[in-house]
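Enquirer: Take this sequence and fold it.
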Amino acid sequence: MAEAEEQETGSLEESTDESEEEESEEEPKLKYERLSNGVTEILQKDAASCMTVHDKFLALGTHYGKVYLLDVQGNITQKFDVSPVKINQISLDESGEHMGVCSEDGKVQVFGLYSGEEFHETFDCPIKIIAVHPHFLRSSCKQFVTGGKKLLLFERSWMSRWKSSVLHEGEGNIRSVKWRGHLIAWANNMGVKIFDITSKQRITNVPRDDISLRPDMYPCSLCWKDSVTLIIGWGTSVKICSVKERHASEMRDLPSRYVEIASQFETEFHVSGLAPLCDQLVVLSYVKEVSEKTEREYCARPRLDIIQPLPETCEEISSDALTVRGFQENECRDYHLEYSEGESLFYIVSPRDVVVAKERDQDDHIDWLLEKKKYEEALMAAEISQKNIKRHKILDIGLAYVNHLVEKGEYDVAARKCQKILGKNAALWEYEVYKFKEIGQLKAISPYLPRGDPVLKPLIYEMILHEFLESDYEGFATLIREWPGDLYNNSVMVQAVRDHLKKDSQNRTLLKTLAELYTYDKNYGNALEIYLTLRHKDVFQLIHKHNLFSSIKDKIVLLMDFDSEKAVDMLLDNEDKISIKKVVEELEDRPELQHVYLHKLFKRDHHKGQAYHEKQISLYAEYDRPNLLPFLRDSIHCPLEKALEICQQRNFVEETVYLLSRMGNSRSALKMIMEELHDVDKAIEFAKEQDDGELWEDLILYSIDKPPFITGLLNNIGTHVDPILLIHRIKEGMEIPNLRDSLVKILQDYNLQILLREGCKKILVADSLSLLKKMHRTQMKGVLVDEENICESCLSPVLPSASHCCVVPGIQVISHFNENVITCHLTGMVTPEKDIHVCLFTVLDAAKPFSVVVFHCRHMFHKECLPVPSLNSPAQFCNICSAKHRGPGSAILEMKK
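Expert: Just a heads-up that it's a prediction; the model follows:
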């Protein structure tokens with residue numbers, strides 16, 4: 001069994017330094033066990049030479065040329081006799097369905113574990129390495145490489161024949177290879193190379209650092225962390241290489257990719273194997289130590305280290321010495337480190353032993369945390385991994401945590417954790433409450449007691465309430481407010497509060513709490529009375545929640561005094577329960593509150609309180625002057641005479657002006673603006689609103705002897721009144737401020753009006769011309785006349801059968817008559833009158849000549865069917881359209897052959 005390096009034991013003394021304490025606090029990263037079952041049986045008779053790991057199984061090669069397939073427990077599932085000599089390497093594809101094997105006698109085999117395909121080849125030299133394509137299962141990826149004195153790539157062609165090509169040779173034996181994606185990495189005596197199988201280019205050469213070491217005794221260890229990161233371990237050197245794409249501008253004759261060494265550092269011992277672990281590395285090291293007695297080197301136990309790579313160095317996270325069988329006789333080349341990516345399992349392979357290193361699971365982690373009394377971390381770890389832990393229960397860890405906190409005196413933390421740990425277990429809750437009672441800490445657990453699911457016995461809640469009532473009125477009130485009333489016996493608590501009120505009858509906290517208890521007991525009348533006495537904000541919530549409007553009809557003034565805004569909103573929202581009339585009557589003795597109510601009512605609906613609009617005039621005048629004018633403007637039910645009287649009495653000029661103008665007395669309103677307010681801008685604005693010439697005349701007359709007023713008029717009346725009327729009346733020699741600027745503005749306004757008129761005229765002319773052209777094009781279109789057209793007067797065909805004609809005003813007319821082409825010519829034009837236009841043509845080539853009149857309204861007549869034009873009215877009209885009082889058509893065109 002693999003075990004961590006033995007440490008000297010001894011009692012800890014008080015003088016232990018901080019570094020030792022920190023070291024003891026570090027949790028082990030890995031745990032170890034020996035791979036037994038079938039492996040033990042194999043290694044009793046044979047020795048392991050190589051191994052490869054798949055997520056589903058293991059493949060073990062031996063010195064006697066056997067390959068064993070094992071399950072993860074070490075049981076033998078299949079055996080292959082490949083060679084009589086040592087198996088050098090085994091390679092599996094990602095699917096685990098194809099395996100490649102090479103041996104010391106030069107034999108190479110690639111075959112399917114579940115299919116019949118197979119490749120056999122024997123070379124004249126030992127084949128040290130083999131690697132099949134990771135996706136060998138695909139037909140396009142039937143490739144593998146082998147290495148002895150040279151690196152060969154085998155590919156299966158389209159005729160199922162294998163062809164080989166040399167990727168590299170001439171630098172000694174190929175001793176290690178790893179294939180990931182499209183990249184193949186291998187090591188020979190000189191260094192490490194990477195080959196891109198897609199571009200068929202070798203993209204790098206990483207030389208080895210210590211050339212003094214024999215490459216056969218201290219082989220290179222390769223490991224792909226991902227598809228672009230290669231980890232190289234050789235001797236005591238570790239390099240992390242990153243494969244990157246070369247920018248197109250840098251290509252030239254260079255490969256499309258290049259390698260950058262991201263990290264490089266030295267280790268204490270010789271590297272026998274590498275594997276990634278998240279962002280860290282697992283390193284298997286071969287250790288030699290010097291004997292103190294003989295001063296000779298000997299093989300020590302191999303070490304498995306977890307290190308954190310840094311750019312130029314590394315940090316050791318953990319280090320374990322492994323006791324493997326026969327470690328005294330092993331060399332560096334005898335150890336191998338294989339790993340399973342999916343499960344973070346690391347296999348330390350030696351000739352006589354296979355040790356599995358596993359990341360410690362959550363059960364191991366929790367054991368260590370509990371041993372160190374880190375209960376909170378243990379509980380958190382158990383909750384996160386509750387589906388994976390097997391030896392621990394969350395509840396047991398939680399109870400141990402609570403007991404630990406109580407022992408430390410952290411009662412509040414312990415009580416808070418109960419809420420999470422005890423969950424819905426009522427029995428455990430009650431047990432813990434009694435435990436807290438025994439130590440006098442009921443108050444600590446009270447905020448965290450369950451209130452719904454589960455519900456504890458009423459006695460539990462009453463016990464805690466009594467504890468607070470005896471010592472903490474505020475805490476008692478908080479619990480009554482937060483706890484549902486059905487958790488405890490309400491009548492018991494009411495009586496208890498009453499007993500305490502006998503000692504302190506004016507205690508607001510107890511009174512408020514008693515009101516809440518009455519509410520829980522549905523004794524709303526008593527609760528409302530207490531709330532109103534206390535003027536408590538919850539009174540409105542109580543009224544709404546329990547529909548207590550019938551109880552507050554005589555308490556409206558109290559509610560308004562307490563919070564007028566909330567009271568008014570509540571009353572207006574519930575007009576169906578408390579009428580507007582009732583509210584106004586209740587507030588009759590408090591006009592300021594009456595105004596607040598009626599004002600909000602008016603804002604909501606201008607018509608609902610129309611009966612009180614006359615009253616509101618006085619209320620606005622007394623309590624809310626700024627809103628009087630908006631009220632007068634918006635109300636259509638307000639008596640104007642009454643409003644005018646009040647405004648005049650109080651000398652409200654703006655309101656009086658508005659009322660006078662609304663009553664039609666605009667002149668008096670204008671006079672008041674000018675005489676009382678002396679505001680020319682407002683007077684001008686008023687005149688603009690009324691749009692009355694007489695008002696402008698009055699304004700000019702009043703302003704003619706006031707230069708500032710004249711300036712204001714000159715600046716504003718240009719678009720309403722001819723400025724000349726004002727200018728002519730200005731007395732000669734009167735000094736008017738800013739006269740020049742005002743005259744310039746008038747001229748600019750005039751020019752702007754002229755430009756606008758000219759622009760509009762151009763637009764109208766352009767539109768008229770466009771429409772005229774469109775009408776002309778429409779009227780010039782031809783009209784088809786054939787045998788289907790009938791005379792609208794006699795209702796007979798206008799043409800003989802099998803004939804038709806196209807009539808186009810102003811040009812030659814082509815007529816087809818009984819398949820003979822007849823040419824008709826225009827005979828004259830009649831000037832259009834009243835937009836009535838017709839076309840007349842005569843056909844003479846027929847057996848009997850006839851004339852047809854075609855109007856542009858598409859109505860057609862025989863000429864003899866129309867009335868003869870008179871001298872007074874030479875133009876012809878369509879009888880049908882004339883009867884409908886319409887006049888479409890075009891000028892008469894007489895056409896004769």
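
Enquirer: Quick check: residue 49 touching residue 90?
Expert: No: counting by C-beta atoms under 8 Å, residue 49 stays clear of residue 90, with 9.4 Å between them. C-beta: built from backbone N, CA, C; applies to glycine.

Enquirer: overlap in contacts of the two?
Expert: Here residue 49 and residue 90 share the contacting residues residue 61, scored by C-beta atoms under 8 Å, 6 or more residues apart in numbering.

Enquirer: Tell me who's in contact with residue 318.
Expert: 26, 28-30, 305-306.

Enquirer: Looking at these, which is nearest residue 78?
Expert: Residue 78 lies nearest to residue 30 out of those, by C-beta to C-beta, at 29.5 Å.

Enquirer: so how far is residue 221 from that closest one?
Expert: From residue 30 across to residue 221, the span is 19 Å (C-beta to C-beta, to the nearest Å).

Enquirer: These two: which is more packed in?
Expert: More neighbours surround residue 221 than the other of residue 30 and residue 221, with 25 against 20 (other C-beta atoms under 10 Å).

Enquirer: Would you check how far apart that one and residue 353 are?
Expert: 19 Å.

Enquirer: Closest to residue 127 out of the contacts of residue 318?
Expert: residue 305 (31.9 Å).

Enquirer: Please compute how far the helix or strand where residue 771 lies lies from its chain's middle.
Expert: Using DSSP states H and E, the element containing residue 771 is helix 739-779. Mean-position distance between helix 739-779 and its chain equals 55 Å (C-alpha atoms, centre = their mean, to the nearest Å).

Enquirer: so what secondary structure elements neighbour it?
Expert: helix 707-716 (3 or more C-beta pairs under 8 Å, 6 or more residues apart in numbering; DSSP states H and E).

Enquirer: quick one: average pLDDT of the helix it packs on?
Expert: For helix 707-716, mean pLDDT rounds to 68.

Enquirer: How about stretch 394-406?
Expert: pLDDT averaged over stretch 394-406 gives 86.

Enquirer: Could I get the buried residue list for that stretch?
Expert: 394, 397-402, 404-406 (16 or more other C-beta atoms under 10 Å).

Enquirer: how about a markdown table for the residues you listed, with distance to residue 260 and secondary structure added?
Expert: As requested, these are exported to a markdown table (distance: C-beta to C-beta, whole Å; DSSP: H, G, I helix; E, B strand; the rest coil):
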| residue | distance to residue 260 | secondary structure |
| --- | --- | --- |
| 394 | 48 | helix |
| 397 | 48 | helix |
| 398 | 51 | helix |
| 399 | 55 | helix |
| 400 | 52 | helix |
| 401 | 49 | helix |
| 402 | 54 | helix |
| 404 | 52 | helix |
| 405 | 53 | helix |
| 406 | 58 | helix |
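
Enquirer: Show me which of the contacts of residue 318 are buried.
Expert: 29-30, 305-306.

Enquirer: Closest one of these to residue 208?
Expert: Residue 208 lies nearest to residue 305 out of the buried ones among the contacts of residue 318, by C-beta to C-beta, at 21.1 Å.

Enquirer: and the closest one, that one's in a strand?
Expert: Yes: looking at residue 305 with DSSP: H, G, I helix; E, B strand; the rest coil, it is inside a strand.

Enquirer: Show the residue spans covered by the helices in the stretch 601-750 of the chain.
Expert: 613-623, 628-634, 640-649, 653-662, 666-672, 680-690, 693-703, 707-716, 723-727, 739-779 (DSSP state H, counting those that start in this stretch).

Enquirer: Next, format those as a markdown table and append mean neighbour count and distance to residue 311.
Expert: Formatted as a markdown table, these follow (neighbours: other C-beta atoms under 10 Å; distance: least, C-beta to C-beta, whole Å):
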| stretch | mean neighbour count | distance to residue 311 |
| --- | --- | --- |
| helix 613-623 | 19 | 80 |
| helix 628-634 | 17 | 76 |
| helix 640-649 | 17 | 88 |
| helix 653-662 | 21 | 82 |
| helix 666-672 | 19 | 90 |
| helix 680-690 | 18 | 78 |
| helix 693-703 | 17 | 90 |
| helix 707-716 | 19 | 79 |
| helix 723-727 | 15 | 87 |
| helix 739-779 | 11 | 77 |
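
Enquirer: can you tell which of these is closest to residue 79?
Expert: helix 739-779 (99.9 Å).

Enquirer: Tell me, how many residues neighbour residue 127?
Expert: Per other C-beta under 10 Å, the neighbour tally for residue 127 reads 25.

Enquirer: does it really touch residue 149, like I thought?
Expert: No: here residue 127 does not reach residue 149: they are 9.6 Å apart, not a contact under C-beta under 8 Å.

Enquirer: Disregarding flanking residues, what is the spatial nearest neighbour of the residue nearest the centre of the chain?
Expert: Central residue of the chain (C-alpha atoms, centre = their mean): residue 384, 26.9 Å from the mean position. Distances taken as C-beta to C-beta, 6 or more residues apart in numbering put residue 362 closest to residue 384, at 8.0 Å, once the chain neighbours are dropped.

Enquirer: What are the neighbouring residues in contact with the one you found?
Expert: 381-382, 384-385, 388-389.

Enquirer: From residue 340, how far off is it?
Expert: Distance from residue 362 to residue 340, by C-beta to C-beta: 19 Å.

Enquirer: Ok, residue 560 next?
Expert: For residue 560, the distance to residue 340 - C-beta to C-beta - is 80 Å.

Enquirer: any idea which element residue 68 lies in?
Expert: Residue 68 belongs to strand 66-70, assigned by DSSP H and E.

Enquirer: Name the strands paired with that strand and say parallel or antiparallel.
Expert: strand 58-62 (antiparallel), strand 76-81 (antiparallel) (DSSP bridges).

Enquirer: Show residues contacting the first one.
Expert: Yep, that's strand 58-62 we're talking about. 39, 42, 46-53, 67-72, 74, 86-90, 92, 99, 101, 347, 354.

Enquirer: Among those residues, which are located in strands?
Expert: Per DSSP state E, strands hold the following members of these: 48-53, 67-70, 87-90, 92, 99, 101, 347, 354.

Enquirer: And stretch 272-283, end to end?
Expert: With C-alpha to C-alpha, to the nearest Å as the measure, the ends of stretch 272-283 fall 8 Å from one another.

Enquirer: Show me what counts as buried in that stretch.
Expert: 272-277, 280-283.

Enquirer: what about it, average pLDDT?
Expert: So the average pLDDT for stretch 272-283 ends up being 92.

Enquirer: Just give me how far it sits from the chain centre.
Expert: For stretch 272-283, the distance to the chain centre is 39 Å (C-alpha atoms, centre = their mean).

Enquirer: Can you pull out the residues in contact with that stretch?
Expert: So stretch 272-283 is contacted by 221-223, 225, 231, 233, 238, 267, 271, 284-286, 302, 304-309, 314, 317, 332-333, 335-339, 344, 346, 348, 357, 359 (C-beta under 8 Å, 6+ apart).

Enquirer: Quick one: the buried residues of stretch 394-406 as TSV, columns for distance to residue 668 too.
Expert: Below are those laid out as TSV (distance: C-beta to C-beta, whole Å):
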residue	distance to residue 668
394	90
397	93
398	89
399	92
400	95
401	89
402	88
404	92
405	87
406	90
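
Enquirer: out of the residues you listed, which one sits closest to residue 700?
Expert: Using C-beta to C-beta, those come closest to residue 700 at residue 405, 93.3 Å.

Enquirer: so where does the closest residue to the closest one other than its chain neighbours fall, helix or strand?
Expert: Setting aside the residues directly before and after it, residue 405 is nearest to residue 414 in space (C-beta to C-beta, 6+ apart), at 3.7 Å. Assigned by DSSP H and E, residue 414 belongs to helix 411-421.
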